[in-house]
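Novice: what's the 3D shape of this:
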Amino acid sequence: MSIPQSGGGPIESHDQLAGYMASGCKPEADWRIGTEHEKFGYCADTLKPLPYEGERSIHAVLAGLRDRFGWTPVEEGGLLIGLEKDGANVSLEPGGQLELSGAPVETIHHTCDEVNDHLREVRGVADEIGVKFIGLGAAPIWRHEDMPLMPKGRYKLMDAYMERVGTMGRTMMRRTCTVQVNLDFASEADMVKKLRVAMALQPVATALFANSPFLDGAPNGHKSWRARVWRDLDAARTGIPAFVFEDGMGFERWAEYALDVPMYFVYRQGRYIDALGMSFRDFLRGELPALPGEKPTLSDWADHLTTLFPEARIKKYMEMRGADGGPWRRLCALPALWVGLMYDAGALDAAWDLCKHWDQETRLALRVAASEDGLQAETHGVRMHDLAREVLRIAEAGLKARARPGAGGLVPDETHFLNALRESVETGKAPADELLEAYHGEWNGDLSRIYAERSY
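Specialist: Numbering: from 1, shown residues only. Purely as a prediction, here's the structure:
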């Protein structure tokens, strides 16, 4: 979840709404990669999730990172709820999931260095207090009541609202984890093309990264339960909006979409003010019931954009949101996949050619099928395994064309970061398939073994 935005004066004209997003356009030479990943923390001996406070807790991990590795604390109401350093931040998801939001970097080599450093720091702190972390798309055993809600005002408001608009919002908040990548665009036309590819091919990422086949201690019938959760969260702000593929799509059209999404909050002087279900259009007129007579700032608009949760979303950059959290190799593979598809013009054209003929019914059906069957999905004449193989081929070609070397020039490009995905395509198995095989085989139904065998 995003932290409150800052800066930006009052909104004086409607044009500023689209202009805020358009201000993110930048030349290709300045394009960067920002990778985010979440992970579950738990007590090594009891296998229970971490509370916020205590000797073995989320607070203890944050404090250890702050004190040992020079992170700057982020507080809310006097409570430590995050950290910042060198353009990156560590934050808390609602159920205590620990998130690294990486700094914008030039190559996937840099991203992987950043992930390595972060996991090394986290492990250095966690080992001393008897804590471990695991990368999965959904908590496999813990129940809703086992997961404490973190002390952030935003989460308290969201938690109260979720049951009004869907059935799985509170599950999403407490019991799911993802890995995402944030990418840049050069122009409005470039944004539209990338967003269309991102929306249409997000089910491929869901299938390749499917890693949440368990819930409440047993198989749940899906390869990605996290993706299933997002299908029943809040229809007003999730999914694959059809307008993205229609004529007239651009920053203004996205702004109109965002204006139609009900608000969550307004952030003022360190406090979240309840604006649940209220209209940003009313806010623009100075008629917001929560703040009568007051008009929004650009930072309010930036905050509101963080409360939209489609499969890919636009702020001053684009976020890819379809993948389950997972093991270390896939934390680097996710940005490799999308950078390969998006940051080379030939690859982007080839990716669009794959999916441009699909109608909305096909796109939505693929989203459901990826959640249920992963790489074995088949719907509307599309076999996911074949599609994933072709998407991976295009991404590899894109990374080769980028030709960004690493290891002091010894590694010629970024293609090796796709190795985990190549293995999945060769075997037809995503992480969820491997977990289910272990559960029904060597684990003999003992799901507790997932912690020892899949933790970082």
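Novice: Contacts for stretch 285-298, please.
Specialist: Applying CB atoms under 8 Å, 6 or more residues apart in numbering, the external contacts of stretch 285-298 come out as 7-11, 16, 20, 263, 266, 268, 273-275, 278-280, 282-284. For the C-beta atoms, the positions are set from N, CA and C on the backbone; glycine is no exception.
Novice: Can you tell me which of those residues are buried?
Specialist: For the contacts of stretch 285-298, a neighbour count by 16 or more other CB atoms under 10 Å gives the buried set as 11, 16, 20, 263, 266, 274-275, 278-280, 283-284.
Novice: Let me see the ranges of the helices in the stretch 101-250 of the chain.
Specialist: 108-129, 153-165, 169-175, 188-208, 225-230 (DSSP state H, counting those that start in this stretch).
Novice: With the stretch 251-400 of the chain instead?
Specialist: Using DSSP H, counting those that start in this stretch, helices in the stretch 251-400 of the chain cover 251-260, 280-284, 298-305, 328-342, 345-355, 360-373, 384-402.
Novice: give me the beta-bridge partners of the residue nearest the centre of the chain?
Specialist: When CA atoms, centre = their mean is applied to the chain, the residue found nearest the centroid is Gln180 (3.9 Å). Legend: beta-bridge partners of Gln180 under DSSP bridges are Glu36.
Novice: how near is it to Glu311?
Specialist: 11 Å (CB to CB, to the nearest Å).
Novice: Determine the residues that are contacts of both of these two.
Specialist: With CB under 8 Å, 6+ apart as the test, Gln180 and Glu311 both reach Arg321.
Novice: Which residue comes closest to Glu55 once chain neighbours are left out?
Specialist: Spatial nearest neighbour of Glu55, chain neighbours left out: Ile129 (6.4 Å); criterion: CB to CB, 6 or more residues apart in numbering.
Novice: mind checking how far the one you found is from His59?
Specialist: Counting by CB to CB, the gap from Ile129 to His59 is 11 Å.
Novice: Comparing these two, which residue is more hemmed in?
Specialist: His59 (21 against 16; other CB atoms under 10 Å).
Novice: isn't there a strand covering the more buried one?
Specialist: No - assigned with DSSP: H, G, I helix; E, B strand; the rest coil, His59 falls outside any strand and is helix.
Novice: Show me what the residue nearest to Pro241 when sequence neighbours are not counted is bridged to.
Specialist: Excluding the flanking residues, the one nearest Pro241 by CB to CB, 6+ apart is Pro310, at 5.9 Å. Note on Pro310: beta-bridge partners Gly239, judged by DSSP bridges.
Novice: Can you list the buried residues in stretch 228-241?
Specialist: 228-231, 233-234, 237-241.
Novice: before we move on, what about stretch 149-158?
Specialist: 149-158.
Novice: same thing with stretch 430-443?
Specialist: 430-433, 435, 438-439.
Novice: May I have it as CSV, with CA atoms only?
Specialist: Output of stretch 430-443 as CSV, limited to C-alpha atoms (Å, rounded to 0.1, in the frame of the first residue of the first chain):
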residue,chain,number,x,y,z
ALA,A,430,4.4,-22.6,-11.8
PRO,A,431,5.3,-22.5,-8.1
ALA,A,432,1.7,-23.4,-7.2
ASP,A,433,2.0,-26.7,-9.1
GLU,A,434,5.3,-27.5,-7.3
LEU,A,435,3.7,-26.7,-3.9
LEU,A,436,0.7,-28.9,-4.6
GLU,A,437,2.9,-31.8,-5.7
ALA,A,438,4.9,-31.5,-2.5
TYR,A,439,1.8,-31.3,-0.4
HIS,A,440,0.2,-34.4,-1.9
GLY,A,441,3.6,-36.2,-2.1
GLU,A,442,6.6,-35.8,0.2
TRP,A,443,4.8,-33.5,2.7
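Novice: just to revisit the earlier point, quick check, nearest of the buried residues of stretch 430-443 to Leu331?
Specialist: Pro431 (12.2 Å; CB to CB).
Novice: Skip the chain neighbours and tell me the closest residue to the closest one.
Specialist: Nearest non-adjacent residue to Pro431, counting by CB to CB, 6+ apart: Asn211, 4.1 Å away.
Novice: quick one, what contacts the one you found?
Specialist: Contacts of Asn211 (CB under 8 Å, 6+ apart): 135-137, 224, 324-326, 330, 430-432, 435.
Novice: Contacts only, for the nearest residue to Val229 once chain neighbours are set aside.
Specialist: Distances taken as CB to CB, 6+ apart place Met168 nearest to Val229, at 4.5 Å, with adjacent residues excluded. By CB under 8 Å, 6+ apart, the contact list for Met168 reads 228-233.
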